[in-house]
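Asker: Dropping a prediction and its sequence here:
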Amino acid sequence: MNKNNETVQGILNAIELYAESGRKASRELGEKAFTKEAIMSWVEKGVITTVPINTLFDVLEQTGEEEVSYTVEDVTVAGNVAFVRVSSSFSKLTTFNDMFTLAQQENGEWKIVSKIYSVK
């Protein structure tokens, strides 16, 4: 496992972009954090739902600007892929357990490939 400071900071930059996209209700910031093909998943009443990440951006735009805070619970890095577990709170929505998978692009930038969450 490679967990040097530069790698972790690159990963956390993507997570911060995600949070900032919620704060500013900004699709543009969200698109910088996620790959174009990224997905979001959750389980509700025992049924797993997976949607394109644009669904998240639609929700953020409808919700509008809000306070967003988060705590990084875990970062696991294996080469050019990573897993991040975050506790997040969206003032107009609720508090979530968010789990992200990320991949490092050829240019060194980390992008979120998928998000799965549960409501706390």
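Answerer: Received, thanks. What you see is a predicted model; the values in this text were computed from it and never measured.
Asker: For residue 4, give its distance to residue 51.
Answerer: For residue 4, the distance to residue 51 equals 34 Å [C-beta to C-beta, to the nearest Å]. In short, each C-beta sits where N, CA and C put it, glycine included.
Asker: Among those two, which residue is more densely surrounded?
Answerer: More neighbours surround residue 51 than the other of residue 4 and residue 51, with 12 against 9 (other C-beta atoms under 10 Å).
Asker: Work out for me the element the nearest residue to the more buried one once chain neighbours are set aside sits within.
Answerer: Ranked by C-beta to C-beta, 6 or more residues apart in numbering and with sequence neighbours excluded, the top spatial neighbour of residue 51 is residue 40, at 5.6 Å. Take DSSP states H and E as the rule and residue 40 turns out to sit in strand 34-44.
Asker: in its sheet, what does that strand sit against?
Answerer: If you go by DSSP bridges, strand 34-44 pairs up with strand 47-52 (antiparallel), strand 110-119 (parallel).
Asker: List the buried residues for it?
Answerer: For strand 34-44, burial by neighbour count (16 or more other C-beta atoms under 10 Å) applies to 34, 38-40.
Asker: which other residues reach that strand?
Answerer: 18, 48-53, 55-56, 103, 111-118 (C-beta atoms under 8 Å, 6 or more residues apart in numbering).
Asker: Fine by me, we can end here.
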